[in-house]
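*Asks:* have a look at this fold, sequence not included:
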Ligand code: SAM
Ligand code: SF4
């Protein structure tokens, strides 16, 4: 089931994948001719920015081999890029698979592929192969860069005598092809990417996570932390800027520990200073900052930068020192508060957002009071609040779980407090004129555009479509709770 097919040389790996991209082109072209129509593909993304970026890589390959990429799941090929951070994400995928099975009954030649964090879990693979046997291909997170190769086998069938240069690491389980690696050292970033937005892009600076927070599945499904070489990252961003990109988001599970394990170590702040020098790039964002590793050097770098956006996502998880210890977060309530208030003092207009988990095993009303105390003191600009979800295989799964009704009550208290502080913070921008990156035409009213301020607040204002991808000055005229209706200032 687990294939440990490690090749460390990524140039060999890139050559291998382009070989399969060429073979797939022939397959798609043949399908188009025989059906006398376009061959469609749909990629559905669940979860975080990391998955969104992976989906751009999948779409890049699909388009380069000739698929017509559409948004309708009733396509010739449908791919679910899954998330397993919380159980409801898994349940959503199982629910949606039911619909795909109906489509597949109507169109037996349809292909269904599952990848992402869920499919890195062996128990999920077993369940899929047993109860969802219409799925054609399952691949894990570590070998996603071999997507073209595996998709080729989905179409031509897995015949070991096929005239290919390479031996495949795929296995057949029932009717499904499966390839899941336990780990990898390979970072393979030079394959086609189809960016969703021409003016902004995510850039992976590292993969995996070493922190093992006791509730979290990420280290088990994304593997150990691996940083990309700074030169490679810079080259990629320079290329993106040449293609018209003005904003980038540096992505990692804990960007503050970037570069520590490289042969020539470099700090995250140093990387940011190098990125800042790229001409034509106007905005830099990053995600996520673990509070335990956030340095004074980073705060100074943001403060002195002209390009780094004034938004920091600083997950709290809990305000209770006792719970933080049980979560293995490595900071306590006081240290977190000290850090957040230092950031507010040094960069007063910065937006601080956070993630909070309510209902972690052993959490009491008093622990939640501590969380609420931190929310009031930090005055978050926004927060994602989650009900703790038990993840099999994590240490917290074997702790005694809390009563659901109690958790729901505590969750509502936290949510109410977060919304209160967020409203107060957003109000502070009333009547200010601030630069906004125009992202799209407003979905509800096409006369309006939707822009994003440096601090990540959304503002809707009247303007013409040709401003998409440009930075314009907007007056925050009417506060609507968490966003603004603005007026563009010429
Ligand atoms: N690496 C980031 C960090 O350390 O903050 C977070 C990545 S995780 C994909 C995003 C968020 O999901 C976490 O910050 C946490 O609040 C939430 N999360 C992770 N595991 C969870 C679980 N088992 N139940 C509920 N929320 C969870
Ligand atoms: Fe999960 Fe903690 Fe790693 Fe974030 S830092 S991905 S919460 S283990």
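*Replies:* Structure received. Just so it is clear, the structure is predicted and the values come from calculations on it, not from any experiment. Ligands and ions are numbered 1, 2, ... in the order given.
*Asks:* okay, now the unreliable bits of the stretch 101-250 of the chain?
*Replies:* When residues are selected by pLDDT under 70, those of the stretch 101-250 of the chain lie in 159-163.
*Asks:* which residues in it form strands?
*Replies:* 111-116, 137-139, 171-173, 176-179, 200-204, 206-207, 226-227, 247-251 (DSSP state E, counting those that start in this stretch).
*Asks:* what do you get for the stretch 301-450 of the chain?
*Replies:* Remark: strands assigned in the stretch 301-450 of the chain by DSSP E, counting those that start in this stretch are 311-313, 351-358, 382-387, 433-441, 448-453.
*Asks:* tabulate the ones you listed (JSON lines), appending mean pLDDT, mean neighbour count and distance to ligand 1.
*Replies:* For glycine as for every other residue, the C-beta is placed from the backbone atoms N, C-alpha and C. Formatted as JSON lines, the strands of the stretch 301-450 of the chain follow (pLDDT from 0 to 100; neighbours: other CB atoms under 10 Å; distance: least, CB to the nearest ligand atom, whole Å):
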{"stretch": "strand 311-313", "mean pLDDT": "98", "mean neighbour count": "22", "distance to ligand 1": "8"}
{"stretch": "strand 351-358", "mean pLDDT": "98", "mean neighbour count": "22", "distance to ligand 1": "3"}
{"stretch": "strand 382-387", "mean pLDDT": "96", "mean neighbour count": "18", "distance to ligand 1": "4"}
{"stretch": "strand 433-441", "mean pLDDT": "97", "mean neighbour count": "19", "distance to ligand 1": "23"}
{"stretch": "strand 448-453", "mean pLDDT": "98", "mean neighbour count": "22", "distance to ligand 1": "20"}
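*Asks:* which stretch among those comes nearest residue 393?
*Replies:* strand 351-358 (17.4 Å; CB to CB).
*Asks:* say whether ligand 2 is contacted by the closest one.
*Replies:* No. Applying CB under 6 Å from any ligand atom, one finds strand 351-358 out of contact with ligand 2, separated by at least 7.9 Å.
*Asks:* ligand 2 contacts on the stretch 101-250 of the chain?
*Replies:* So far as CB under 6 Å from any ligand atom goes, the stretch 101-250 of the chain lies against ligand 2 at 209, 211, 212, 213, 216, 218, 219.
*Asks:* from these, which land in helices?
*Replies:* 218, 219 (DSSP state H).
*Asks:* the residues of the stretch 101-250 of the chain next to ligand 2, buried ones only, as a ChimeraX selection?
*Replies:* Burial among these is assessed by 16 or more other CB atoms under 10 Å; the matching ChimeraX selection reads:
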select :209,211,213,216,218,219
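*Asks:* could you check how far the nearest residue to residue 456 once chain neighbours are set aside is from residue 331?
*Replies:* Spatially, and ignoring its direct neighbours in sequence, residue 456 is nearest to residue 311 (4.3 Å; CB to CB, 6 or more residues apart in numbering). For residue 311, the distance to residue 331 equals 21 Å [CB to CB, to the nearest Å].
*Asks:* what's in contact with stretch 59-66?
*Replies:* 21, 24-25, 27-29, 32, 39, 41, 43, 69, 77, 147-148, 151, 191-194 (CB atoms under 8 Å, 6 or more residues apart in numbering).
*Asks:* among the strands of the stretch 101-250 of the chain, which is nearest residue 415?
*Replies:* Judging the strands of the stretch 101-250 of the chain by CB to CB, what sits closest to residue 415 is strand 247-251, at 26.3 Å.
*Asks:* report the buried residues of that closest one.
*Replies:* For strand 247-251, by 16+ other CB under 10 Å, it's 247, 248, 249, 250, 251.
*Asks:* hey, where'd the helices end up in this structure?
*Replies:* Counting by DSSP H, the chain has helices at residues 10-35, 49-64, 87-106, 122-131, 147-156, 218-222, 230-242, 268-276, 296-304, 321-327, 333-346, 365-378, 404-427.
*Asks:* straight-line length of stretch 106-113, end to end?
*Replies:* One end of stretch 106-113 to the other measures 17 Å (CA to CA, to the nearest Å).
*Asks:* now tell me what touches it from outside.
*Replies:* Taking CB under 8 Å, 6+ apart as the rule, stretch 106-113 contacts 74-80, 97, 100, 103-104, 134-139, 151, 154-155.
*Asks:* how about stretch 317-336?
*Replies:* 211-215, 291-292, 316, 339, 355-357, 360-363, 366-368, 370-375, 395-396, 399.
*Asks:* filter those residues to the buried ones?
*Replies:* By 16+ other CB under 10 Å, the contacts of stretch 317-336 give 211, 213-215, 291, 316, 339, 356-357, 360-361, 363, 367-368, 370-372, 374-375, 395-396 as buried.
*Asks:* tally of neighbours for the residue nearest to residue 141 when sequence neighbours are not counted?
*Replies:* Excluding the flanking residues, the one nearest residue 141 by CB to CB, 6+ apart is residue 120, at 4.8 Å. By other CB atoms under 10 Å, the residues close to residue 120 number 24.
*Asks:* cool, residue 398 as well?
*Replies:* 12.
*Asks:* and it, how far from residue 51?
*Replies:* For residue 398, the distance to residue 51 - CB to CB - is 28 Å.
*Asks:* now swap in residue 318 and tell me
*Replies:* Counting by CB to CB - residue 318 and residue 51 are separated by 25 Å.
*Asks:* before we move on, what about residue 364?
*Replies:* Between residue 364 and residue 51 the distance is 34 Å, computed by CB to CB.
*Asks:* what does the stretch 201-350 of the chain put close to ligand 1?
*Replies:* Within the stretch 201-350 of the chain, the residues that sit near ligand 1 (CB under 6 Å from any ligand atom) are 215, 216, 218, 253, 254, 288, 290, 315, 317.
*Asks:* find the nearest non-adjacent residue to the last one, please.
*Replies:* Taking CB to CB, 6+ apart as the measure, residue 317 lies nearest to residue 357, with 5.2 Å between them; neighbours along the chain are not counted.
*Asks:* so what's that neighbour bridging to?
*Replies:* According to DSSP bridges, the partner residues bridging residue 357 are residue 386.
*Asks:* over to residue 485?
*Replies:* residue 460, residue 478.
*Asks:* that one: neighbour count?
*Replies:* Neighbours of residue 485 (other CB under 10 Å): 15.
*Asks:* list the contacts of residue 11.
*Replies:* Going by CB under 8 Å, 6+ apart, residue 11 touches no other residue.
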